[in-house]
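Visitor: build the 3D model from these lines:
(one chain, ligands or ions: 1)
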Amino acid sequence: PHGHPGPHARDAVFSVPPYVGGESTLKGVNRVIKLSSNEGAFGPPPGAVEAIRAAACSAHRYPDGGSAALREAIGVRFGLDPARIVCGNGSDELITLLIQSYGGSGTELVMSAHGFLIYEIAAKLAGMTVRKATERDLVTDIDAMLAQVTPATRLVFLANPNNPTGTLVPHAEIARLRAGLPEDVLLVLDAAYAEYVERPDYDAGALLVDAGGNVVMTRTFSKMFGLGGARLGWAYAPAPVIDVLNRTRMPFNVSSLAAAAGIASLGEPGWIERCRDHNNRARAALTARLRACGITVHPSETNFILADLGSTTRAAAADAHLRTRGILVRNVAAYALPQCLRITIGTDEECDAVAEALAGFVRDHG
Ligand code: PMP
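Guide: Take a look at the predicted model:
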């Protein structure tokens, strides 16, 4: 046994670093202000907490593997056919399953230069080559995306709005992207932040899913619905893609507690309106305060903003300054934006705290 190298994982496993989420603790700080993971500002809806409590009494029972009641509730809420919905352990699970099922060794995935990191990680783990399209002012450039498509392309991923840039691509441009793709390429529209978008011409993806056979929309309960810790996402897709996801997902991928919480959160009276109102107001106020300090803030359609500190060292210094004040934001160096910090829109108190701390940073450091 000695000296034997032991079992080998596939090489692709070592082609990516482990994903590290936004931090939630700071040494020596009791009450951290956590603005690092784009979680909902108001926590879980009260009805969802109550539903988890009630569901806990039946936690010895396996959940309905097909999440029928949850799919029904999603269908009613968003006006979609429940048979064309699959629920997952966060939308991350569904994204990963799509990549494993439609991609694979020797094939390619196209994404935007500052697109969501999980696409790249899942693709590389599946042995795929990732092609990144350049952006224009941190907005996905459809022509650049199309230019990255080759005969080996199997999947194109676009988060709309995108994390970590916060920017949105108009519906007509997304339709143009779809029209420019070969029929055998799957276009995945990741609408994790859809609930926050106010633009009247916005479509999260359902229209394009209905228009053709090669588009999937993914959604999550982790943002406005306040259930990041429960792990709950869903996909709306053509029937053959639904079939593929149902074959590849774990049999009981959505827990009974998560499903109950999801159903309750969809039914929470006034929740979406309250969250949207707060987000709009607080995002505008925080953006204005940071800009007044001379910090560049990109326009956002989401529950976070991207603050450009001008250089990697200044961003790192600002991050350190915030940490000493118990505030955690997201360093987005892993997204090739080392000069930026991504700040989640929290409660008014949390937004005040980060605005004051950054104003202090600019006063002290210039
Ligand atoms: N897509 C995007 C663009 C995201 O920002 C996130 C959350 N960081 C996800 C997908 C994954 O969300 P979840 O797995 O919690 O549903």
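
Visitor: ok, the closest residue in space to E195 that isn't next to it in sequence to T302 distance?
Guide: In space, and not counting its chain neighbours, E195 is closest to M224: 3.9 Å by CB to CB, 6 or more residues apart in numbering. (Each C-beta comes from the backbone N, C-alpha and C, glycine too.) According to CB to CB, to the nearest Å, M224 stands 10 Å off from T302.

Visitor: between these two, who's got more neighbours?
Guide: T302 (28 against 25; other CB atoms under 10 Å).

Visitor: you'd agree the more buried one is up against A159?
Guide: No. Under the contact definition of CB atoms under 8 Å, T302 does not touch A159, with a separation of 9.7 Å.

Visitor: residues shared between the contacts of those two?
Guide: Common neighbours of T302 and A159, using CB atoms under 8 Å, 6 or more residues apart in numbering, are Y193.

Visitor: around I33, how many other residues sit close by?
Guide: 23.

Visitor: I figured it hits A355, correct?
Guide: No. Proximity of I33 to A355 does not meet the contact threshold set by CB under 8 Å, at 11.5 Å.

Visitor: I174: what secondary structure?
Guide: Here I174 is recorded as helix under DSSP: H, G, I helix; E, B strand; the rest coil.

Visitor: which pLDDT does the model give it?
Guide: Listed pLDDT for I174 reads 97.

Visitor: contact partners for it?
Guide: 142, 158, 160, 189, 203, 205, 208.

Visitor: now do whichever strand or helix holds the last one: which elements does it pack against?
Guide: Pointing back at L208 there. Using DSSP states H and E, L208 sits within helix 206-211. In terms of contacts (3 or more CB pairs under 8 Å, 6 or more residues apart in numbering; DSSP states H and E), helix 206-211 is packed against helix 171-180, strand 186-190, strand 215-220.

Visitor: just how off-centre is the host helix or strand of E349 within its chain?
Guide: Taking DSSP H and E as the criterion, E349 maps to helix 348-365. Here helix 348-365 shows a centroid-to-chain-centroid distance of 26 Å under the convention CA atoms, centre = their mean, to the nearest Å.

Visitor: average pLDDT for it, rounded please.
Guide: Rounded mean pLDDT across helix 348-365 is 97.

Visitor: so the closest residue to the ligand within the chain versus R249, what's the distance?
Guide: Ranked by CB to the nearest ligand atom, the top residue of the chain for proximity to the ligand is G90, at 2.7 Å. For G90, the distance to R249 (CB to CB) stands at 12 Å.

Visitor: still on that earlier bit, and the helix holding E349, C-alpha only, in CSV?
Guide: Extracted in CSV, the C-alpha atoms of helix 348-365 (Å, rounded to 0.1, in the frame of the first residue of the first chain):
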residue,chain,number,x,y,z
ASP,A,348,-31.8,50.6,4.7
GLU,A,349,-29.5,50.3,7.7
GLU,A,350,-27.1,48.0,5.9
CYS,A,351,-27.0,50.3,2.9
ASP,A,352,-26.4,53.3,5.2
ALA,A,353,-23.5,51.4,6.8
VAL,A,354,-21.8,50.5,3.6
ALA,A,355,-22.3,54.0,2.1
GLU,A,356,-20.9,55.6,5.2
ALA,A,357,-17.9,53.3,5.4
LEU,A,358,-17.1,53.8,1.7
ALA,A,359,-17.4,57.6,2.1
GLY,A,360,-15.0,57.3,5.0
PHE,A,361,-12.6,55.2,2.9
VAL,A,362,-12.6,57.9,0.2
ARG,A,363,-11.9,60.6,2.8
ASP,A,364,-9.1,58.7,4.3
HIS,A,365,-7.5,57.2,1.2
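
Visitor: for the stretch 101-250 of the chain, which segments count as strands?
Guide: Taking DSSP state E, counting those that start in this stretch to define them, one finds strands in the stretch 101-250 of the chain at 108-112, 129-133, 135-136, 139-140, 153-159, 186-190, 215-220, 233-236.

Visitor: still on that earlier bit, how about the helix holding L208: buried residues?
Guide: By neighbour count on 16 or more other CB atoms under 10 Å, the buried set for helix 206-211 is 206, 208-209.

Visitor: with stretch 320-330 instead?
Guide: Buried, per 16+ other CB under 10 Å, within stretch 320-330: 321-323, 325-330.

Visitor: now for E72: which residues touch it?
Guide: So E72 contacts P82 (CB under 8 Å, 6+ apart).

Visitor: next: C351.
Guide: Each residue near C351 by CB under 8 Å, 6+ apart is listed here: 282, 285-286, 345.

Visitor: cool, and R77?
Guide: If a contact means CB under 8 Å, 6+ apart, then R77 has L266 as its contacts.

Visitor: can you check the pLDDT for it?
Guide: 97.

Visitor: what average pLDDT does stretch 222-234 get?
Guide: On average, stretch 222-234 scores 98.

Visitor: show me which residues of this protein are close to the ligand?
Guide: 38, 90-92, 116, 159, 163, 190, 192, 220, 222, 228, 233 (CB under 6 Å from any ligand atom).

Visitor: can I get those in JSON lines including neighbour count?
Guide: Below are the residues of the chain next to the ligand laid out as JSON lines (neighbours: other CB atoms under 10 Å):
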{"residue": "N38", "neighbour count": "23"}
{"residue": "G90", "neighbour count": "24"}
{"residue": "S91", "neighbour count": "25"}
{"residue": "D92", "neighbour count": "20"}
{"residue": "F116", "neighbour count": "22"}
{"residue": "A159", "neighbour count": "28"}
{"residue": "N163", "neighbour count": "24"}
{"residue": "D190", "neighbour count": "30"}
{"residue": "A192", "neighbour count": "27"}
{"residue": "T220", "neighbour count": "24"}
{"residue": "S222", "neighbour count": "22"}
{"residue": "G228", "neighbour count": "19"}
{"residue": "G233", "neighbour count": "25"}
